[in-house]
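> Fold the following for me, if possible:
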Amino acid sequence: MKAILKNGVIYPREPIPADWSEGTELEVAKIPSPAESGDTSKSQRSDGESWPPGFIESTFGSIQDESFIRHPQGEFEQRLELTKGGCS
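So this is what the prediction gives:
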């Protein structure tokens, strides 16, 4: 069963089997991420899953239309500087 750790609590990522009752004892093992294991064949997605091997490499530069451009992004607004001690 896959689960995710958030704020010190383990949450299942799939329904708990019907034959498990309250108090069922489980053994938890950490699966190393590709970065921890040295496996660079998978890229981590924001939802914790992995892209299929070669996906990122196959999509990079895949738009062949030369008229496809990144339009200007504009300027960032100037914001007030934060100071220690809260808002003024």
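> what's the following helix or strand after the helix or strand of the chain with the lowest mean pLDDT?
The helix or strand of the chain with the lowest confidence, counting by mean pLDDT, DSSP states H and E, is helix 34-37 at a mean of 67. Downstream of helix 34-37, the next assigned helix or strand under DSSP states H and E is helix 55-59.
> now that following helix: how far from the chain's centre is it?
17 Å (CA atoms, centre = their mean, to the nearest Å).
> Okay, buried residues for it please.
Buried residues in helix 55-59, counted by 16 or more other CB atoms under 10 Å: none are found. Where you see a C-beta, it was placed from the backbone N, CA and C, and this is true even at glycine.
> Show the average pLDDT along that helix.
Helix 55-59 shows a mean pLDDT of 81 in the predicted model.
> pull the CA atoms of that helix into PDB?
Output of helix 55-59 as PDB, limited to C-alpha atoms (Å, rounded to 0.1, in the frame of the first residue of the first chain):
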ATOM      1  CA  PHE A  55       9.200  11.500 -20.800                       C
ATOM      2  CA  ILE A  56      10.900  14.800 -19.900                       C
ATOM      3  CA  GLU A  57      13.600  14.300 -22.500                       C
ATOM      4  CA  SER A  58      11.100  13.500 -25.200                       C
ATOM      5  CA  THR A  59       9.000  16.600 -24.500                       C
END
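> now for that helix, which elements pack on it?
With contacts taken as 3 or more CB pairs under 8 Å, 6 or more residues apart in numbering; DSSP states H and E, helix 55-59 sits against no other helix or strand.
> Residue ranges in this protein under the pLDDT threshold?
34-35, 37-46, 48, 85-88 (pLDDT under 70).
> hmm, 80 instead?
For the chain, residues meeting the criterion pLDDT under 80 lie at 1, 31-51, 56, 60, 84-88.
> May I have the beta-bridge partners of Tyr11?
Tyr11 has these beta-bridge partners by DSSP bridges: Ile4.
> Counting neighbours, what do you get for it?
Burial of Tyr11 is recorded as 9 neighbouring residues (other CB atoms under 10 Å).
> just Ala3 next, same as before
A count of neighbours around Ala3, defined by other CB under 10 Å, yields 13.
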